[in-house]
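> Structure here, sequence nowhere to be found:
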């Protein structure tokens, strides 16, 4: 049975960041369930509903928060797979990064990212950013379905 | 008949017969006396007729006693026939006989004759007189002739003397002509020639052979026109004589160079008769000249080759230069470039009329290039089949008959250059020297190439190392930017979480500690960001463009709008020229400088900031002057260092990266940064930017 409120997919290998991001999203009053993939491989498993996500019935997430720097398969590669998958290619993807590296920024947009968020050292500002973004995407996606 | 009668008859007939017999005698005497008588034969006929009649009368006498018989009859018949013949013959002559003048007529004639004779006598007298005169004249003339003869005799003597003199003179000149040590020829206008001994010797022809030749036939085809031009101009009277150099063709086919001088002999009317030409054999001189020219050309070739060698950058180019120039340098049929390859001679390259040994290897000890290398000296062999050092088998298949071989780098040979001839030839010492010079230059070139290649390799190696280092640095800074910041983020994040979710109240002091932790983490985050920005400045590519300096400054000032509103700042921006650089980075420079100026004037009641420029050698110097805190010039060297600060953080915030960034940006643009200051009395910061035309 499909829940009414769609899930948010968070792909990040740093447990600390996952905790802080989840907290920030709570602070921003997102009621959505947050599905966490701990690296790129798991993100692909999610897309294919296998492994850890076998039997997952949440459907398409409302948006995907995707960290760039991850071991093995990085965020850019995951982004490419998402954009090539006809099921998910319309799902908004927000890239997360620790730096303002212009190469990363360019690679993200070239591969179809919808947004780019620099994880600030100060968590308060991060919450603000996620709040703004979340609102935006939720509004867009909550249109009569 | 009576005897008397018979007697009378006999006596009268005898007398008639006697008479008849006497008349012819008379006639004969008459004719003999008068030889002028015409018609003598008629008289003779009369005589015969009368004699015949007389004979009949005798017969009649006989017939008186003897009966008439045939004998009597035949005499009568004979008489009759003669009579008849006489009668017949006489008649036709009657007119002629009648025309014989009569004595009267003759008398008249005689009278006439007498007159004539008188005339004749008179004439004869005159003639005699004339004859006498003539005699006198003849005498006179004879005398004259004798005198003339004498004179003639004298003249003949003189003539003889003169002829002798002429003969001597002719012989004299002939000898001069014939035995002169200069070749002399006399050439008719149409080309036939007569030449003296020396001339013939120069050309190798005999007198007879040469007499059948025209000069054009024994002149080098290339020189005929030149020669003809000279002759024509002499004939035309443009010049009296000509002197030039030309080539004759020797009888043996070789060419003989002569210095020729020719002059035209004309007749009394000025018409050309013949040319007198003298020649001197200058073949030796010409040969020397040609050798000189050849040597010059070869030296030029050598210089060219050396020049090319000096800029050759690889061994194949060196071989290319050497094989071509070695062959031309000594006019050989082929040249080889041999490299020492361990104990082998490697025939690396060649240029020859037919293949030699390109690509082959021979042991050092069994080839001539090896000999030259081992003995460190040049070798020439004019007959390879007579030299024991030659491996005959290797040469049998080739055209080579003679050769010269020089070692490349005499001290420690690294190869050799060979030149080969298809005809037997003895290379001259000069030729060997040319080859050796080429080889010496080749040695330098090879050494240079080796050095160059060594350098190239090292540069390539360094480049790879640098690239690796750069990549590592890139990875390092990427890692720093992500991994160093994450813990700081986590420190901040979790302290915030802790503060949100704490259940007990913390003391002010405890809160202060936590605040310090988060502040320090934030500060470190800033430091990391600054460091990353700084390191990235060196790597990001510059996108240079023309920049409106005025506009870029106004753009930068927007950042400080808020702060400037709260302060008294007098900002004076002079008219500024356009600059040329990376818009983003130059913008950052201005922002940094403005930021500093605003920051360090923060403690002044009234800040004065002036921006201006002036041109320098390569472009423009921009400056920004403030009346702020300034700095101690003692530490000016540290001013542009990374994380170098000349003020306490307590006084002025900052991490000391701004000027370091400016310095790096300006340096990358080919400009310079410097500053002047007096502590507490403001500072001036300068930077120069080259114009677009001075960009490299």
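Okay, I see it. None of these values were measured; they are calculated from a predicted model.
> Strands of chain A, residue ranges please.
A:8-11, A:34-37, A:63-67, A:93-97, A:115-118 (DSSP state E).
> how far off strand A:63-67 does the fourth one point, in degrees?
Interaxial angle of strand A:93-97 relative to strand A:63-67 (axes from the mean of the first three to the mean of the last three Cα atoms, to 10 degrees): 20 degrees.
> Does chain B have contacts with strand A:93-97?
Yes: if you take Cβ under 8 Å from any Cβ of the partner chain as the test, strand A:93-97 does meet chain B, through residue A:97. In short, each C-beta sits where N, CA and C put it, glycine included.
> which element is the spatially most central residue of chain B on?
Centroid-nearest residue in chain B, with Cα atoms, centre = their mean: residue B:222, separated by 10.5 Å. Element membership for residue B:222 (DSSP states H and E) is helix B:221-235.
> What is the burial count for residue 43?
Since no chain was named, I'll use chain A. Residues contacting residue A:43 under the criterion other Cβ atoms under 10 Å in any protein chain shown number 29.
> Chain B was what I was after
Neighbour tally, residue B:43, other Cβ under 10 Å: 17.
> That one and residue B:27 touch, don't they?
Yes: the pair residue B:43 and residue B:27 passes the contact test of Cβ atoms under 8 Å, sitting 5.5 Å apart.
> model confidence over stretch B:522-537, on average?
Across stretch B:522-537, pLDDT averages out at 80.
> Likewise for stretch B:407-427?
Per-residue scores along stretch B:407-427 average to 90.
> try stretch B:370-390
Averaging pLDDT along stretch B:370-390 gives 88.
> neighbouring contacts of the host helix or strand of residue B:563?
For residue B:563, the host element (DSSP H and E) is helix B:561-565. The contact list for helix B:561-565 (Cβ atoms under 8 Å, 6 or more residues apart in numbering or on different chains) reads B:557, B:571, B:598.
> try 7 Å
Residues from elsewhere that reach helix B:561-565 (Cβ atoms under 7 Å, 6 or more residues apart in numbering or on different chains): residue B:598.
> Now do the same contact list for residue B:323.
Applying Cβ under 7 Å, 6+ apart to residue B:323 gives the contacts B:335, B:337, B:349, B:350, B:351.
> Check residue B:632 too.
B:646, B:679.
> can you tell me the distance between the two ends of stretch B:575-593?
18 Å (Cα to Cα, to the nearest Å).
> Can you give me the buried ones in stretch B:476-490?
Judged by neighbour count using 16 or more other Cβ atoms under 10 Å in any protein chain shown, the buried positions of stretch B:476-490 are B:477, B:478, B:480, B:481, B:482, B:484, B:485, B:486, B:488, B:489, B:490.
> How about the fifth one: what's its closest non-neighbour residue?
Spelled out, that is residue B:482. Excluding the flanking residues, the one nearest residue B:482 by Cβ to Cβ, 6 or more residues apart in numbering or on different chains is residue A:98, at 4.0 Å.
> For chain A, give me its nearest residue in the stretch 251-400 of chain B.
For the stretch 251-400 of chain B, the residue closest to chain A is residue B:313, as judged by Cβ to the nearest Cβ, at 37.7 Å.
> surely that residue meets residue B:451?
No: Residue B:313 sits out of contact with residue B:451 when judged by Cβ atoms under 7 Å, with a separation of 10.9 Å.
> When these two are compared, which one has more neighbours?
Neighbours were counted for residue B:313 and for residue B:451 using other Cβ under 10 Å; residue B:313 has more, 13 against 10.
> and the more buried one, what element?
Under the criterion DSSP H and E, no helix or strand holds residue B:313.
> Contacts only, for it.
Contacts of residue B:313 (Cβ under 7 Å, 6+ apart): B:449, B:452.
> how near is it to residue B:463?
18 Å (Cβ to Cβ, to the nearest Å).
> Residue B:564 too?
49 Å.
> Among the two, which residue is more densely surrounded?
residue B:564 (16 against 10).
> does any part of stretch B:571-584 sit near chain A?
No: with Cβ under 7 Å from any Cβ of the partner chain as the criterion, chain A is not reached by stretch B:571-584; the gap is at least 10.5 Å.
> Now that stretch: average pLDDT?
For stretch B:571-584, the mean confidence score works out to 92.
> Could you do stretch B:485-505 as well?
Stretch B:485-505 comes out at a mean pLDDT of 83.
> Please name the bridge partners of residue B:255.
residue B:249 (DSSP bridges).
> surely it meets residue B:223?
No: judged on Cβ under 7 Å, residue B:255 makes no contact with residue B:223 at a distance of 9.2 Å.
> Of the two, which one has the most company?
Taking other Cβ under 10 Å, residue B:255 and residue B:223 do not tie; residue B:223 has more neighbours (20 against 16).
> which non-adjacent residue is nearest that one?
Nearest one to residue B:223, counting by Cβ to Cβ, 6+ apart, is residue B:246 at 4.2 Å.
> Name the SS class of that neighbour, please.
Assigned state for residue B:246: strand (three-state reduction, DSSP: H, G, I helix; E, B strand; the rest coil).
> Could you count how many residues lie near it?
Residues near residue B:246, counting by other Cβ under 10 Å: 20.
> Distance check, it against residue B:652.
Taking Cβ to Cβ, one finds residue B:246 at 100 Å from residue B:652.
> for residue B:160, same thing?
142 Å.
> who has more neighbours, those two?
Legend: neighbour count by other Cβ under 10 Å for residue B:160 and residue B:652, higher for residue B:652 (16 against 10).
> Tell me which other helices or strands the lengthiest helix in chain B touches.
Criterion DSSP state H: the longest helix present in chain B is helix B:103-179. Contact here means 3 or more Cβ pairs under 7 Å, 6 or more residues apart in numbering or on different chains; DSSP states H and E; on that basis helix B:103-179 packs against no helix or strand.
> Tell me how far that helix lies from the chain's centre.
Here helix B:103-179 is found 79 Å from its chain centre; the criterion is Cα atoms, centre = their mean, to the nearest Å.
> Let me know the average pLDDT across that helix.
The model assigns helix B:103-179 a mean pLDDT of 89.
> And the helix or strand that it is followed by, what's buried?
Going down the chain from helix B:103-179, the next helix or strand is strand B:183-188, by DSSP H and E. Within strand B:183-188, the residues that count as buried by 16+ other Cβ under 10 Å are B:183, B:184, B:185, B:186, B:187.
> hmm, back to that, give me the common contacts of residue B:255 and residue B:223.
Residues touching both residue B:255 and residue B:223 (Cβ under 7 Å, 6+ apart) are residue B:247.
> May I see the contacts of residue B:323 organised as CSV, with pLDDT, neighbour count and secondary structure added?
Formatted as CSV, those follow (pLDDT from 0 to 100; neighbours: other Cβ atoms under 10 Å in any protein chain shown; DSSP: H, G, I helix; E, B strand; the rest coil):
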residue, pLDDT, neighbour count, secondary structure
B:335, 91, 27, strand
B:337, 91, 27, strand
B:349, 89, 20, strand
B:350, 90, 21, strand
B:351, 88, 21, strand
